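A.B. asks: output the structure for:
(one chain, ligands or ions: 1)
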Amino acid sequence: MPRLILVRHGQSQWNLENRFTGWWDVDLTAQGEAEARAAGALLAAKGVLPTVAFTSLQTRAIKTLHLALEAAGRLWIPETKDWRLNERHYGGLTGLDKAETAAQHGDEQVKIWRRSFDIPPPVLEPGGAFDLAADPRYAGIAIPSTESLKDTIARVLPYYESAIAPQLAAGETVVVAAHGNSLRALVKHLSGISDADITGLEIPTGQPIVYELDAALNATERYYLSER
Ligand SMILES: O=C(O)[C@H](O)COP(=O)(O)O
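C.D. replies: Now for the predicted structure:
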């Protein structure tokens with residue numbers, strides 16, 4: 001039966017610095033690299049070996065995938081990168097310190113920006129330090145100016161259905177290395193979690209989550225591989 005492995009990237013430099021990141025392309029820390037290697041070693045140890053891989057256009061997810069696949073002896077499998085698996089765009093909060101923003105706007109407001117289902121953060125004004133319009137990886141893509149989780153789901157799920165689900169239906173063991181909120185979108189869909197309850201689901205860095213799926217790609221089980 002098909003298996004889907006979800007891995008959030010290892011600790012990034014801005015996870016460490018507690019800054020809103022979104023689409024900004026920060027690298028892994030040494031700890032993040034170690035988490036990615038450990039995720040791959042766990043896949044190998046448990047014999048859960050991916051045959052097809054998907055990731056975002058962001059360095060922290062791509063490197064996590066590569067370090068994990070290397071540790072699992074699977075660097076050779078086919079891999080697809082797509083912007084639809086990017087982190088939720090953090091709009092005008094990009095680059096700000098999460099604690100300083102909470103001190104300025106209040107914990108409640110920051111919680112709404114971070115975890116509400118459909119209220120997006122303020123937009124990123126064009127032309128600033130975090131404007132990605134000139135980034136060649138996004139040529140031809142309508143880069144969002146901000147995204148709620150609902151907006152993120154609206155681009156992750158069609159991509160899952162059109163690109164990832166067919167691989168699963170063909171019997172592949174698929175690994176998706178992505179981000180807290182793009183993975184939250186997939187977990188919400190696969191586990192049938194409500195709009196209200198998804199806000200309470202946190203996805204840790206570098207911990208493979210395995211979905212066992214039936215032939216119709218309905219989830220029969222979801223578990224952290226470290227707990228098996
Ligand atoms: O984009 C970010 O800052 C993080 O990757 C996820 O942030 P969050 O926990 O605030 O959703």
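A.B. asks: just the closest residue of the protein to the ligand, please.
C.D. replies: Using Cβ to the nearest ligand atom, the single residue of the chain nearest to the ligand is residue 21, 3.6 Å away. Every residue, glycine included, has its C-beta placed from N, CA and C.
A.B. asks: mind listing the strands for this protein?
C.D. replies: Taking DSSP state E as the test, the strands found in the chain are 3-8, 52-55, 79-81, 173-178, 209-213, 219-224.
A.B. asks: against which helices or strands is the longest helix that the chain contains packed?
C.D. replies: Longest helix of the chain, by residue count under DSSP state H: helix 30-46. With contacts taken as 3 or more Cβ pairs under 8 Å, 6 or more residues apart in numbering; DSSP states H and E, helix 30-46 sits against strand 3-8, helix 59-71.
A.B. asks: still on that earlier bit, can you say which of the strands of the chain is packed in most?
C.D. replies: strand 173-178 (a mean of 27; mean count of other Cβ atoms under 10 Å).
A.B. asks: coming back round to it: can you give me the neighbour number for the residue of the chain closest to the ligand?
C.D. replies: A count of neighbours around residue 21, defined by other Cβ atoms under 10 Å, yields 24.
A.B. asks: check the one 5 residues further on too.
C.D. replies: One way to gauge burial is a neighbour count; for residue 26, by other Cβ under 10 Å, it gives 19.
A.B. asks: in this structure it contacts residue 16, no?
C.D. replies: No: with contacts counted by Cβ atoms under 8 Å, residue 26 stays clear of residue 16, the gap being 9.4 Å.
A.B. asks: which parts of the chain sit against the ligand?
C.D. replies: 20, 21, 22, 87, 90, 114, 179, 180, 181 (Cβ under 6 Å from any ligand atom).
A.B. asks: pull the contacting residues for the closest residue to the fourth one other than its chain neighbours.
C.D. replies: Counting by Cβ to Cβ, 6 or more residues apart in numbering, the nearest residue to residue 87 once its immediate chain neighbours are dropped is residue 179, at 3.7 Å. Taking Cβ atoms under 8 Å, 6 or more residues apart in numbering as the definition of contact, the neighbours of residue 179 are 8, 9, 56, 58, 60, 61, 85, 86, 87, 88.
A.B. asks: quick one: residues in contact with stretch 207-227.
C.D. replies: Outside stretch 207-227, the residues that touch it by Cβ under 8 Å, 6+ apart are 1-8, 39, 42-43, 46, 48, 165, 168-169, 175, 183, 187, 190-191, 203, 228.
A.B. asks: over to stretch 100-107?
C.D. replies: Contacts to stretch 100-107, defined as Cβ under 8 Å, 6+ apart, come from residues 20, 93, 110.
A.B. asks: same deal with stretch 164-178?
C.D. replies: Contacts of stretch 164-178 (Cβ under 8 Å, 6+ apart): 2-9, 43, 48-56, 61-62, 64-65, 68-69, 85-87, 183, 186, 208, 213, 215, 217.
A.B. asks: which stretches of this structure form helices?
C.D. replies: Taking DSSP H as the criterion, the chain contains helices spanning 13-17, 30-46, 59-71, 98-105, 107-115, 149-159, 165-169, 180-191, 195-198.
A.B. asks: turn these into TSV, including mean pLDDT and mean neighbour count.
C.D. replies: Output for these, formatted as TSV (pLDDT from 0 to 100; neighbours: other Cβ atoms under 10 Å):
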stretch	mean pLDDT	mean neighbour count
helix 13-17	98	16
helix 30-46	98	19
helix 59-71	98	23
helix 98-105	96	14
helix 107-115	95	15
helix 149-159	98	19
helix 165-169	98	16
helix 180-191	98	21
helix 195-198	94	13
